[in-house]
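Peer 1: Build me a model from this:
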Amino acid sequence: MAKKTRKRIPIPSLEEVQNERKRIRRGVYYRQALRGTVSVLVVVAAVAVLIATLFLPILQISGDSMSPTLEHDEIVVLLKTKNFDRGDLIGFYYQGKILLKRVIALPEDEVAIDGDGNVYVNGALLEEPYVTEKTLGDCDLEFPYQVPGTGYFVMGDKRSNSVDSRNSVIGAIEREDIIGKVFIRVWPFSEIGFVL
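Peer 2: Residues are numbered from 1 along each chain as shown. Next up is the predicted model:
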């Protein structure tokens, strides 16, 4: 009968034990740091989505009806509010889409547009430095037009290319359909700033 030989297990040195303990602690530390970082990112993303949904919706411009103020593919942030003045750029729902236009007249105002595209609100010519080319555009309303008590008369800045309150298909925008007013442009970076 042969004798069984035991395999000798080498005993690690104190330095090897300390290095192994450091390696294990480092692994635990990195896993905890990664878990903490991911948790913070999830919370920040959730807060950002909540703020964007409740207070500051973010929209990307599609088309050129607001040119030259807003151009295609620019990104803007809206401020949710229910107070609007003439000249404000607002976002509103129309047939499942969000459109951006400029408030021209408030509830109960009287609007008239002449053949040259000059806009009159309550009999006074509206100063419109944001419009580069005035035109009557796509209009089927009879003037003077009385804005309903809960509506806003809106128009695009590029009058020849904007379907807006001048057409009875859209008409005056009801307050409940308005999301908010354009607050700031965030893209492209070279154009970041408040939108007037």
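Peer 1: Quick test: name the residue nearest the centre of this structure.
Peer 2: What sits nearest the mean C-alpha location of the chain, by CA atoms, centre = their mean, is residue 58, with 1.7 Å.
Peer 1: Against residue 110, how distant is it?
Peer 2: Distance, residue 58 to residue 110, using CB to CB, to the nearest Å: 35 Å. C-beta coordinates here come from the backbone N, C-alpha and C atoms, glycine included.
Peer 1: returning to that earlier point: from what I see, the residue nearest to the centre of the chain and residue 79 are in contact.
Peer 2: No. The pair residue 58 / residue 79 is not scored as a contact, 11.3 Å apart, by CB atoms under 8 Å.
Peer 1: Tell me where the model's unsure across this structure.
Peer 2: 1-5, 48-56, 193, 196 (pLDDT under 70).
Peer 1: any idea where the strands of it begin and end?
Peer 2: 58-60, 75-79, 89-94, 97-105, 110-113, 119-121, 124-125, 145-146, 151-155, 173-174, 178-187, 193-194 (DSSP state E).
Peer 1: mind giving me TSV with these and columns for distance to residue 21?
Peer 2: Conversion of the strands of the chain to TSV gives the following (distance: least, CB to CB, whole Å):
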stretch	distance to residue 21
strand 58-60	49
strand 75-79	51
strand 89-94	59
strand 97-105	59
strand 110-113	80
strand 119-121	79
strand 124-125	83
strand 145-146	82
strand 151-155	69
strand 173-174	69
strand 178-187	49
strand 193-194	55
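Peer 1: quick one, which of those is packed in tightest?
Peer 2: Most buried of the strands of the chain, by mean neighbour count (mean count of other CB atoms under 10 Å): strand 151-155, with a mean of 25.
Peer 1: Identify the residues contacting that strand?
Peer 2: Strand 151-155 is contacted by residues 84, 90, 92, 101-107, 109, 111, 119, 145, 147, 162, 164-166, 171-175, 178 when judged by CB atoms under 8 Å, 6 or more residues apart in numbering.
Peer 1: Mind jotting down where the helices sit in this protein?
Peer 2: Ranges of helices in the chain, per DSSP state H, are 14-54.
Peer 1: what does stretch 115-126 rub up against?
Peer 2: Outside stretch 115-126, the residues that touch it by CB under 8 Å, 6+ apart are 86, 104-105, 109-114, 128, 133-137, 144, 155, 159.
Peer 1: now stretch 74-87
Peer 2: With contacts defined as CB under 8 Å, 6+ apart, stretch 74-87 is touched by 54-61, 70, 90-91, 100, 102-106, 121, 126, 152, 175, 178-188, 191, 195-196.
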